[in-house]
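Participant: I would like the atomic coordinates for the input below:
(chains A and B)
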Amino acid sequence: MNSGIFFETYRDDMALRRTPIQKARLLLVILALIAFPFFANRYYLTLANQVAIAIIGAIGLNILVGFTGQISLGQGGFMAVGAYTAALLTINMGMPWWASTLIACFVTALVGAIFGIPSLRLKGLYLAIATLAAQEIILWVVTHWDAVTGGVDALVVPNPMLFGIRLNNDFNFYWLVWSLVGIVALATVNLFRTHYGRAFIAIRDQDIAASVMGIDLFKYKLLSFAISSFLVGLAGALLAHYRSIVTWERFTIDVSVNYLAMIIIGGLGSVRGSFFGATFIVLLPAFLTNMGRAAKGFFPAIDGIIPFIQQGMFGLVIILFLIIEPEGLNKIWKNIKDYFSLWPFSY
Amino acid sequence: MDLFIQLTITGLTNGAILALAALGFVLIYKSSDVINFAQGEFLLIGAYVVYAMVAQFGMHWTIGMALTIIVAIGLGILVERLVLRPMIGEPIISVIMVTIGLSSLLRAITFTIWGNLPKAFPAFIPSEPVQLLGATVGKDRLWAFSIALAMLLLFNYFFTRSKEGIAMRAVADDQQAALSMGISVKKIFAWAWSIAAATAAIGGALLANIVGVSGDVANFGLRVFPVVILGGLDSIPGAIIGGIIIGLLEQYTGGYIGQGLNQVLPFLILIFILMVRPYGLFGQEIIERV
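Facilitator: Residues are numbered from 1 along each chain as shown, chains lettered A, B, ... in the order given. Sure thing, here's the model as predicted:
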């Protein structure tokens, strides 16, 4: 049994995965993710792809809310910006999917930074309400700017192709989106090892102290909005290319709430928490639907109320997590890990 | 000119109902610093319970209304005790999120019981059109306006004259000082939530009378935000005047400019107010600056 962790080089000390067990666990997860598409059927592949897109969006939101402490209810609106930009560039200008996705990320980052300007003067509750207004305004523009966005009608995006392979079937998209998840997660973890990330965390913990220490609050808050929106835009653009159909209904305030639920249930200020939360929130309705179908035999009326059960469980899960384990699934995971690593002496 | 009067009267009635919804919102914020995202669902439950009492059980509307208010008070106390009290002292995002979760749960419960298809509201308030200053207005709107106005006056009286109302303002002002004066802060929180739920129930019933009973009633909840920010989050006159200003502006832009601009205008006003005067028209200037 080890009585502590000892490092002999700075290289070891700075590594992201420092112990053999951590490395083995990561390897196992990666192997499982690589093996998954060869065994799963289309239904599970679709779910896995949805989870992956949600993870990217949740990491983006977590940078803003969890790490920088700026509450945002505008996630749905920012995703809409990403999705519509990507879709329109591909439809109208015939851009390849990767180019339109990249541009969509930058456009969303810009829009996010613009709507981040109120954060210069507002915080907490007031900022939450300002971003709520951003959500409503963006969605209104999307549904009323008929000449560009097609208004309330759906946009149909051409299939994304790479070397003659159609990317948006479930199997091919899986590789694309999960490798992007890997890149995004690695980049985010490393972001919080740079002075930018440290500045974000300092702003979250005590903004006045941060500014006394020479952190330009306005610059770093806008930067946080931009980086966060960049990833949110990526999630939106991926959604547009994957689904091939873009409608405004996919980006309502409910989406913002969903993503906030993901990072709260997963754990604020933690990349691993974003993985947990996104997986949980995406799989919860699917799980309830399957349970409902299973229960149909002896309780036939359940068919009509499944959507309400999903909605109610969603609310209940949020409330219970906030009351019982406010630090989310990430904390539960840590507790489990600690239990085993400290066993049999749990102190 | 006819159009102007028409829009003004419609705007005033809409504004009065908005003000009623905003009132409960302000009340909760004022006494417990909680932003209630479930206010729209309180309206929804009010509408459906009145519907159940009057249309399904065939009660007279006075009894139905009274029972609805009792149900709403019970709901308010229950919510405060079970959901909000464990949240005291938690960070603001948790408090916001817990009321969002609550709104989801309440909406689901309502739809599980009554289904989400729109229903005709039992017309206990007559809705035939009447002529007023050359404009045609539904009688139900006039009723809604007068009931809302009466409620607002009642509230004003409650907060300035009654013992409980003054205790509530004391808690809002300084919890510790209120405690040392022998006021039970827990009781006041329960009061605040039950009064908020009761006003929302009345507002919901009035709204349902105009637009019918459906999920749309709950969407009214989001429209409360521009009202309370404009009026000031912690100001009761602010809620009333803010509601009427937003109600009028929505109608004028809808009537003269159109193109659905009236849906987004309140939120543009909201951003503007937040940038220029975050504490609103009548709110206390104690907002924390960054």
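
Participant: those strands in the stretch 101-250 of chain A, which residues are they?
Facilitator: A:155-156, A:161-162, A:165-166, A:245-246 (DSSP state E, counting those that start in this stretch).

Participant: in CSV: the ones you listed, plus distance to chain B.
Facilitator: Backbone N, C-alpha and C define where each C-beta goes, glycine included. Output for the strands of the stretch 101-250 of chain A, formatted as CSV (distance: least, CB to the nearest CB, whole Å):
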stretch, distance to chain B
strand A:155-156, 20
strand A:161-162, 38
strand A:165-166, 37
strand A:245-246, 20
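
Participant: single out the most deeply packed of these.
Facilitator: strand A:245-246 (a mean of 20; mean count of other CB atoms under 10 Å in any protein chain shown).

Participant: show residues contacting it.
Facilitator: For strand A:245-246, contacts defined as CB atoms under 8 Å, 6 or more residues apart in numbering or on different chains pick out A:83-84, A:87, A:154-157, A:239-240.

Participant: ranking these by neighbours, who comes first?
Facilitator: residue A:240 (31 neighbours; other CB atoms under 10 Å in any protein chain shown).

Participant: report the contact partners of that residue.
Facilitator: When contacts are counted by CB under 8 Å, 6+ apart, residue A:240 is found next to A:82-84, A:86-87, A:155, A:157, A:246.

Participant: in helices, which of the residues you listed appear?
Facilitator: Using DSSP state H, the members of those that fall in helices are A:82-84, A:86-87.

Participant: what element comes up after the helix or strand containing residue A:294 heading to the C-terminus?
Facilitator: Using DSSP states H and E, residue A:294 sits within helix A:271-295. Sequence-wise, the next helix or strand downstream of helix A:271-295 (DSSP H and E) is helix A:302-324.

Participant: only C-alpha atoms, please: export that next one in CSV.
Facilitator: Below are the C-alpha coordinates for helix A:302-324, written out as CSV (Å, rounded to 0.1, in the frame of the first residue of the first chain):
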residue,chain,number,x,y,z
ILE,A,302,-47.9,5.1,-19.5
ASP,A,303,-47.4,5.7,-23.2
GLY,A,304,-49.1,9.1,-23.1
ILE,A,305,-47.3,10.4,-20.1
ILE,A,306,-43.7,9.4,-20.9
PRO,A,307,-42.8,12.9,-22.1
PHE,A,308,-44.1,14.3,-18.8
ILE,A,309,-42.2,11.7,-16.8
GLN,A,310,-39.1,12.7,-18.6
GLN,A,311,-39.6,16.3,-17.8
GLY,A,312,-40.6,15.6,-14.2
MET,A,313,-37.6,13.4,-13.6
PHE,A,314,-35.3,16.0,-15.1
GLY,A,315,-36.6,18.5,-12.6
LEU,A,316,-36.5,16.1,-9.7
VAL,A,317,-32.9,15.0,-10.5
ILE,A,318,-31.7,18.6,-10.5
ILE,A,319,-33.4,19.4,-7.2
LEU,A,320,-32.2,16.2,-5.5
PHE,A,321,-28.6,16.7,-6.7
LEU,A,322,-28.6,20.3,-5.5
ILE,A,323,-29.9,19.4,-2.1
ILE,A,324,-28.0,16.1,-1.6
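
Participant: what comes up buried for it?
Facilitator: For helix A:302-324, a neighbour-count test (16 or more other CB atoms under 10 Å in any protein chain shown) marks A:302, A:305-315, A:317-319, A:321-323 as buried.

Participant: now swap in stretch A:29-49 and tell me
Facilitator: A:33, A:37, A:40, A:45-49.

Participant: residues contacting it, please?
Facilitator: Residues contacting stretch A:29-49 (CB under 8 Å, 6+ apart): A:170-171, A:173-175, A:177-178, A:242, A:282-283, A:286.

Participant: what bridges to residue A:165?
Facilitator: residue A:162 (DSSP bridges).

Participant: hmm, it is touching residue A:172, no?
Facilitator: Yes - between residue A:165 and residue A:172 a contact is recorded at 6.1 Å, counting by CB atoms under 8 Å.

Participant: what subset of the contacts of stretch A:29-49 is buried?
Facilitator: Buried among the contacts of stretch A:29-49 by 16+ other CB under 10 Å: A:170, A:173-174, A:177-178, A:242, A:282, A:286.

Participant: burial check on the closest residue to residue B:228 other than its chain neighbours, number of neighbours?
Facilitator: Nearest non-adjacent residue to residue B:228, counting by CB to CB, 6 or more residues apart in numbering or on different chains: residue B:22, 5.1 Å away. By other CB under 10 Å, the residues close to residue B:22 number 31.

Participant: show me the contacts for residue B:22.
Facilitator: Neighbour list for residue B:22: B:224, B:227-228, B:231, B:239-240, B:242-243 [criterion: CB under 8 Å, 6+ apart].

Participant: let me have those residues in JSON lines, adding distance to residue B:200 as columns.
Facilitator: Shown next, in JSON lines, are the contacts of residue B:22 (distance: CB to CB, whole Å):
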{"residue": "B:224", "distance to residue B:200": "10"}
{"residue": "B:227", "distance to residue B:200": "14"}
{"residue": "B:228", "distance to residue B:200": "14"}
{"residue": "B:231", "distance to residue B:200": "17"}
{"residue": "B:239", "distance to residue B:200": "13"}
{"residue": "B:240", "distance to residue B:200": "15"}
{"residue": "B:242", "distance to residue B:200": "17"}
{"residue": "B:243", "distance to residue B:200": "13"}
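
Participant: now these in JSON lines, please, with extra columns for distance to residue A:214, pLDDT and secondary structure.
Facilitator: Shown next, in JSON lines, are these (distance: CB to CB, whole Å; pLDDT from 0 to 100; DSSP: H, G, I helix; E, B strand; the rest coil):
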{"residue": "B:224", "distance to residue A:214": "41", "pLDDT": "84", "secondary structure": "helix"}
{"residue": "B:227", "distance to residue A:214": "41", "pLDDT": "87", "secondary structure": "helix"}
{"residue": "B:228", "distance to residue A:214": "37", "pLDDT": "87", "secondary structure": "helix"}
{"residue": "B:231", "distance to residue A:214": "39", "pLDDT": "84", "secondary structure": "helix"}
{"residue": "B:239", "distance to residue A:214": "42", "pLDDT": "84", "secondary structure": "helix"}
{"residue": "B:240", "distance to residue A:214": "46", "pLDDT": "85", "secondary structure": "helix"}
{"residue": "B:242", "distance to residue A:214": "40", "pLDDT": "88", "secondary structure": "helix"}
{"residue": "B:243", "distance to residue A:214": "45", "pLDDT": "87", "secondary structure": "helix"}
